[in-house]
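Novice: how would this look folded up:
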Amino acid sequence: MTQVSHKIFAVSLYLVVITILLPRSASNFAIALLILSWLGSAGWQYNNTANFLKRPTSMVSILLLLTYSISFFWTEDLIEGIKNLEVLAPLLIFPVVMAMAKKVEISLENILKVFVYAVISILLINFVIAIFRTLDYGFFFKDPQHTVIYNNFLYHGFASGTGIHPSFLTLFACFSIMILLNPESMQLGFSRNSKIMMVIILAAGIILLQAITVTFATIAALSVIFLFKMKRPNIKYSIYLSLVLLLVIVFSYILFIKLDWTRNIVSYNLESYTGWNSVNLRLALWEAAGKAISQNVPWGVGIGDAQHVLLEKFHEMNFHFAAINNYQPHNQFLYSWLMAGLPCVLATILLFVTMVRSAIRKQNHLYLGLVIVFIIFCLTDIPLSRNKPLVFLIFFTYLFEFLDSKGKETGIRASNQKFAK
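Specialist: A predicted model of the protein is given here:
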C-alpha cells in the first residue's frame, strides 16, 4: 500500500506541474491527489516534524496563512473570506506534504523539464489558436479600439486562447528561460540546439504577451544568477554588467515617458482606456489603496472585505475606470496590508527573506532567481492572492527545499543512497 501511495505521490507531483497551466479545477484535483497519496502512505511518519522545524521557510509560510486567517474574524463578507482562504491553502499544504518527496523515486530535473515542455506547448497552442481566429475572422477576444493583430496576437488576445492571464503566463515563460539559461541546466539533458530553439519560442511568447514588469524582473534575476556565479571580476563580468545597465537605462526611459503621460491626467473621471497606461493606472490604484489603508492601518479590513472597501474608495475619488473594471491595487504588499493589516505585510516580507536566505545557503541559483522575479512581480500585481501564481511559487519553493539537484543532504540522491544502505 505504501509503495503504491509513493507512486501516486510521484505522479501527483507531475500533475501539479502540468495543471498549473490548466484551469483551477484541474490544479485542485492534482493537489487533492497529492494530499490523499500523502495520507495513504502515512507521510507524517517520515520525520516530517523534524524537517518542518528545520526550515524557517515552512514556519513563515504557515505564519503568513495564520495572519490572513485571523483577519477572517473581523471580515463582513464571510463567503469572499472563505474563497480567499481557499486560494491561500497551498501555504499550509505544500510545506507539510512536500517533505515526503525525499522518500519518492523522483528527480527535480525531470520535473523542471516537464514544466518547460508544458509552458512551450501552451504558448504554441495559443499561437495556433490566434492564427485560426485571424483566418476565420471569428475573434474570441475582440476590442474595437485595437487592431486585428492586437486582438489575436498580443497581451490578453494572445493569452485568451488557453485562458491564462498574460502576466502569469509571462511569469511561467520567464521561469522556463531561467531553467534553460541556468548555469547548471546541463543536468537537464537538453542539447545546445534544442535549448536555443526553446529559448527563442519562449522569448517570442514573452514579447507577444507584453508583460513588461515580469520581463524586466527576469532580466534582473538572470543578472543576479550570472553575477553570483562569477568568482571574480573579469572581462565577462564587465561586459555583462554593461548590458544589464543598458537594459535598466532603456527600461527607465520607457518608464519616464509613461510617467510623463501621467501629468496630462487632471481627473480620475475617465471611463475608457483613453489616457490610461500601465504606469499611471497603477499609480492611481496605489493612491486609492493607500487612502483605504490609512483608515485601517494596524489590522486591515478583513480578508473578505478588501475589494469592497477599494470599490467604495474608487467611487469616493470618482475613479470610474477602476470601479467599472473592479480593479485591485496591483501591489501585493498594499493588498495584503488592506486585507490583514501590518502583521500580514511583515510576514510576507519575512517569507521572501527566508526564501532568499535558503536559496543562497543552498547555492541554488534557480531558486534565487525565482524569488527575485516574484518579489518584483509583487510590486505591480497580487500573485500571492491568485491561485495559479501562488501554487507555482509555493510548489517550486518546496521542491527546491526538499529536492536539491546538487544531491546535498536534502536532495533526492542523498536520501536514496541513505535508504539503499
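Novice: hmm, who's touching the helix or strand where Asn28 lies?
Specialist: Using DSSP states H and E, Asn28 sits within helix 24-40. The contact list for helix 24-40 (C-beta atoms under 8 Å, 6 or more residues apart in numbering) reads 1-2, 4-6, 8-9, 11-13, 15-16, 18-20, 90, 93, 97, 100, 387-388, 391. Placement of C-beta: from N, CA and C, glycine included.
Novice: list only buried entries from those residues.
Specialist: 5-6, 8-9, 11-13, 15-16, 18-20, 90, 93, 97, 100, 387-388, 391 (16 or more other C-beta atoms under 10 Å).
Novice: neighbours around Pro95, how many?
Specialist: 25 (other C-beta atoms under 10 Å).
Novice: how about Thr162?
Specialist: 16.
Novice: with Ile82 instead?
Specialist: With other C-beta under 10 Å as criterion, Ile82 counts 13.
Novice: from Arg386, how far off is it?
Specialist: Counting by C-beta to C-beta, to the nearest Å, the separation of Ile82 from Arg386 is 16 Å.
Novice: where do the helices sit along the stretch 251-400 of the chain?
Specialist: Under the criterion DSSP state H, counting those that start in this stretch, the stretch 251-400 of the chain contains helices at 278-294, 306-316, 320-324, 332-340, 342-362, 365-377, 387-402.
Novice: what sits against the nearest residue to Trp299 once chain neighbours are set aside?
Specialist: Nearest residue to Trp299, sequence neighbours excluded (C-beta to C-beta, 6 or more residues apart in numbering): Gly341, at 3.9 Å. Counting by C-beta under 8 Å, 6+ apart, Gly341 makes contact with Thr67, Ser71, Asn296, Val297, Pro298, Trp299, Gly300.
Novice: hang on, isn't Val104 packed against Phe9?
Specialist: Yes - checked against C-beta atoms under 8 Å, the pair Val104 and Phe9 is within contact range at 5.4 Å.
Novice: how far away is Leu135 from Met355?
Specialist: Distance from Leu135 to Met355, by C-beta to C-beta: 45 Å.
Novice: more neighbours, those two?
Specialist: Met355 (25 against 9).
Novice: next one, pLDDT for the spatially closest residue to Asn84 that is not a sequence neighbour please.
Specialist: Nearest residue to Asn84, sequence neighbours excluded (C-beta to C-beta, 6+ apart): Ile303, at 5.0 Å. You'll see Ile303 listed with a pLDDT of 93.
Novice: same question, Ser415
Specialist: 34.
Novice: do the same with Val224
Specialist: 63.
Novice: and for Asn331?
Specialist: The model's pLDDT for Asn331 equals 91.
Novice: related to what we said a few turns ago, inside helices: which ones of the contacts of helix 24-40?
Specialist: Judged by DSSP state H, helices contain the following of the contacts of helix 24-40: 2, 4-6, 8-9, 11-13, 15-16, 18-19, 90, 93, 97, 387-388, 391.
Novice: what is the burial count for Pro23?
Specialist: With other C-beta under 10 Å as criterion, Pro23 counts 14.
Novice: same question but for Glu287, I mixed them up
Specialist: So Glu287, with other C-beta under 10 Å, has 15 neighbours.
Novice: quick check: it vs Ser5, distance?
Specialist: 52 Å.
Novice: what's the answer for Phe321, then?
Specialist: 52 Å.
Novice: tell me which element Leu112 falls in.
Specialist: helix 108-136.
Novice: mind listing what's buried along that helix?
Specialist: Neighbour-count burial for helix 108-136 [16+ other C-beta under 10 Å]: 108-109, 111-113, 115-116, 118-120, 122-123, 126-127, 129-130, 133-134.
Novice: just the CA trace of the helix or strand hosting Cys174, in CSV.
Specialist: Per DSSP H and E: Cys174 is located in helix 166-181. Below are the C-alpha coordinates for helix 166-181, written out as CSV (Å, rounded to 0.1, in the frame of the first residue of the first chain):
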residue,chain,number,x,y,z
PRO,A,166,-0.9,37.2,-19.7
SER,A,167,1.2,38.3,-16.7
PHE,A,168,1.0,34.8,-15.2
LEU,A,169,1.9,33.1,-18.5
THR,A,170,4.8,35.5,-18.9
LEU,A,171,5.9,34.6,-15.4
PHE,A,172,5.9,30.9,-16.3
ALA,A,173,7.7,31.5,-19.6
CYS,A,174,10.3,33.6,-17.9
PHE,A,175,11.0,30.9,-15.3
SER,A,176,11.3,28.4,-18.1
ILE,A,177,14.0,30.6,-19.7
MET,A,178,15.7,30.8,-16.4
ILE,A,179,15.7,27.0,-16.2
LEU,A,180,17.3,26.7,-19.7
LEU,A,181,19.9,29.5,-19.1
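Novice: and it, how far from the chain's centre?
Specialist: 10 Å (C-alpha atoms, centre = their mean, to the nearest Å).
Novice: that helix vs helix 108-136, what angle?
Specialist: 130 degrees (axes from the mean of the first three to the mean of the last three C-alpha atoms, to 10 degrees).
Novice: report all helices and strands that helix 166-181 contacts.
Specialist: Here helix 166-181 touches helix 108-136, helix 156-159, helix 192-209, helix 212-229, helix 365-377, helix 387-402, going by 3 or more C-beta pairs under 8 Å, 6 or more residues apart in numbering; DSSP states H and E.
Novice: now render the ones you listed as TSV, adding distance to Trp337.
Specialist: Shown next, in TSV, are the helices and strands packed on helix 166-181 (distance: least, C-beta to C-beta, whole Å):
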stretch	distance to Trp337
helix 108-136	32
helix 156-159	28
helix 192-209	29
helix 212-229	20
helix 365-377	16
helix 387-402	18
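Novice: distance of the nearest residue to Ser385 once chain neighbours are set aside from Phe94?
Specialist: Leaving out its chain neighbours, the residue that sits closest to Ser385 by C-beta to C-beta, 6+ apart is Tyr335, at 6.0 Å. Distance, Tyr335 to Phe94, by C-beta to C-beta: 21 Å.
Novice: check contacts around Asp385.
Specialist: One correction, residue 385 is Ser, not Asp. Asn84, Val87, Leu88, Gln328, Gln332, Tyr335, Ser336, Met339.
Novice: can you tell me how far it is from Ile206?
Specialist: Counting by C-beta to C-beta, the gap from Ser385 to Ile206 is 23 Å.
Novice: okay then, goodbye and thanks.
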